[in-house]
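**Student:** okay, predicted coordinates and the sequence, questions at the end:
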Amino acid sequence: MGYVHVYTGNGKGKTTAAFGLAMRASGRGRKVCIVQFMKPDAGYGEQISARKLGIEVHPFGTNRFVNKNNPAREDVELARAALELAREKIKSGSYDLVILDEINVAMDFNLIPVNEVLDLLSSIPDKTEVVLTGRYAPDSIVERADLVTEMKEVKHYFRKGVMAREAIEY
């Protein structure tokens with residue numbers, strides 16, 4: 001069975017680390033697919049760069065924040081569609097690396113059930129590595145994973161009023 005990585009925690013860098021791994025794998029001739037939960041196709045720098053390198057990127061999200069306590073029907077539908085595509089890509093056995101960006105948040109917001117993600121992780125082909133990113137990784141996902149990295153915020157300029165900056169945060 002393939003390996004499962006989890007990048008979680010309240011610090012910056014989870015998606016960045018996953019895209020860095022995608023670049024490394026692609027540079028070594030591996031086939032990579034990234035499915036983004038709760039993120040629109042908004043021309044983020046990582047989406048642009050990955051596509052230039054021939055890495056598949058499939059964003060599923062809107063340009064508005066998801067209300068955790070009352071998500072819109074569209075948010076649930078997009079997360080379900082992202083999970084279905086992730087299932088197809090993983091089970092196809094055609095990919096060496098599949099990244100499920102922000103899936104941990106989608107589970108925490110109850111947009112997709114944790115048990116369905118665990119079921120998907122139980123059927124990873126041997127040659128495929130799967131990376132799950134996002135804050136709030138469920139304990140059962142952490143327990144299932146083979147590698148878990150927690151990004152911890154120690155200091156962040158956002159606390160001083162600095163907003164997200166192009167090429168650095170997006």
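**Tutor:** Perfect, I can see it now. Owing to the predicted nature of the structure, the values given are computational and were not obtained by experimental measurement.
**Student:** grab the longest helix from the protein for me.
**Tutor:** Taking DSSP state H as the criterion, the chain has its longest helix at helix 73-92.
**Student:** and that one, what's buried?
**Tutor:** By neighbour count with 16 or more other Cβ atoms under 10 Å, helix 73-92 contains the buried residues 75-76, 78-80, 82-83, 86-87, 89-90. Where C-beta positions appear, they are placed from N, C-alpha and C, glycine not excepted.
**Student:** show residues contacting stretch 66-78.
**Tutor:** If you take Cβ atoms under 8 Å, 6 or more residues apart in numbering as the criterion, stretch 66-78 is touched by 37-38, 60-62, 108-111.
**Student:** quick one: which of those residues has the most company?
**Tutor:** Counting neighbours by other Cβ atoms under 10 Å, residue 37 leads these with 29 neighbours.
**Student:** surely it and residue 105 touch.
**Tutor:** Yes - counting by Cβ atoms under 8 Å, residue 37 does reach residue 105; the two are 7.0 Å apart.
**Student:** intersection of neighbour lists for the two?
**Tutor:** Both residue 37 and residue 105 are contacted by residue 134, under the criterion Cβ under 8 Å, 6+ apart.
**Student:** following the longest helix of the chain, which helix or strand shows up next?
**Tutor:** Next in sequence after helix 73-92, counting helices and strands by DSSP states H and E, comes strand 97-101.
**Student:** so which helix or strand takes in residue 155?
**Tutor:** Here residue 155 is assigned to no helix or strand, by DSSP H and E.
**Student:** tell me, how many residues neighbour residue 5?
**Tutor:** Number of residues near residue 5 (other Cβ under 10 Å) recorded here: 19.
**Student:** quick check, pLDDT for the most centrally placed residue in the chain.
**Tutor:** Nearest to the geometric centre of the chain sits residue 101, at 0.9 Å (Cα atoms, centre = their mean). The per-residue pLDDT reported for residue 101 equals 98.
**Student:** all helices of the protein, in order?
**Tutor:** Per DSSP H, the chain carries helices over the ranges 14-27, 45-52, 73-92, 103-108, 114-121, 139-144.
**Student:** what does the fourth one rub up against?
**Tutor:** When you say that, I think you mean helix 103-108. So helix 103-108 is contacted by 6, 8, 35, 37-38, 68, 79, 82-83, 86, 112-114, 117, 132-138, 141 (Cβ under 8 Å, 6+ apart).
**Student:** 7 Å instead, please
**Tutor:** 8, 37-38, 79, 112, 114, 117, 132-138, 141 (Cβ atoms under 7 Å, 6 or more residues apart in numbering).
**Student:** again with the first one
**Tutor:** Contact partners of helix 14-27, identified using Cβ under 7 Å, 6+ apart, comprise 7-8, 32, 34, 46, 50, 53-55, 96-97, 99, 101, 131, 133-134, 151.
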